[in-house]
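Asks: structure for the following, please:
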Amino acid sequence: MTVNEAIQALTDSIALDSTNAQLYSTRAKAYFANEQVGQAMIDINRSLQLDPNNVDTYLLLADVYYALGDRDNIASTLNRAVEVNSLDARPLVKLAELNLLQQNFNLAVGYVDKALQLSSYNPKAYFVKGMCYMAAKQDTVSALKNFQLAAEQDADFYDPVEQI
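Replies: Sure, this is the predicted structure:
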């Protein structure tokens, strides 16, 4: 099924159930994958109106803001996701990535540490922490340790292996 066919199928489903937030969120992902950012934003907003507590939709919104280069809205969206579910580590890891990009390394490591307190199984968190040690602290030993943990936790995650 092509992306356009998936969008049409979701549109048909929405016509039958216009109060299903998940359908809007799923169609927003398809629009975003198809580089139809405006349509994705419309569906994200509708999804959040119907279900303002869906962390996945906030994560998608943060990805759209990232694609648009809107860093201020990325941070506020991810902070909202943390407020919605403080036990979900994914927004914390994304906040760490954002701070890594902005070279706020200590803040990035702080977010990673919070995510790892929720679950020690988080290869992406260890990878981001390793990148922080490489970039900011020039601490190769700590960076390698974190890259190794990330690679051990997910054998298909090649970014830490490349760094090692």
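Asks: in stretch 15-28, which residues are buried?
Replies: Along stretch 15-28, these residues count as buried under the neighbour rule (16 or more other Cβ atoms under 10 Å): 20-21, 23-28. All C-beta atoms are positioned from the backbone trio N, CA, C, and that covers glycine.
Asks: what's the end-to-end length of that stretch?
Replies: Separation of the first and last residues of stretch 15-28 by Cα to Cα, to the nearest Å is 15 Å.
Asks: quick one: mean pLDDT over it.
Replies: Throughout stretch 15-28, pLDDT has a mean value of 96.
Asks: how far away is residue 81 from residue 36?
Replies: As for residue 81, its distance to residue 36 is 23 Å (criterion: Cβ to Cβ, to the nearest Å).
Asks: which one of those two has more residues nearby?
Replies: Each of residue 81 and residue 36 had its neighbours counted (other Cβ atoms under 10 Å), and the higher figure belongs to residue 81 (25 against 17).
Asks: just the strands in the chain please.
Replies: Shown for the chain, no strands are assigned by DSSP state E.
Asks: so who does residue 121 touch?
Replies: When contacts are counted by Cβ atoms under 8 Å, 6 or more residues apart in numbering, residue 121 is found next to residue 153.
Asks: and the gap between residue 6 and residue 99?
Replies: Spatial separation of residue 6 from residue 99 under the definition Cβ to Cβ is 34 Å.
Asks: neighbour count winner among those two?
Replies: Under the criterion of other Cβ under 10 Å, the comparison of residue 6 against residue 99 puts residue 99 first, with 21 against 17.
Asks: how many neighbours does the residue lying closest to the more buried one once chain neighbours are set aside have?
Replies: Counting by Cβ to Cβ, 6 or more residues apart in numbering, residue 108 is the residue found nearest to residue 99 once chain neighbours are left out, at 3.8 Å. The number of residues packed near residue 108 is 25, by other Cβ under 10 Å.
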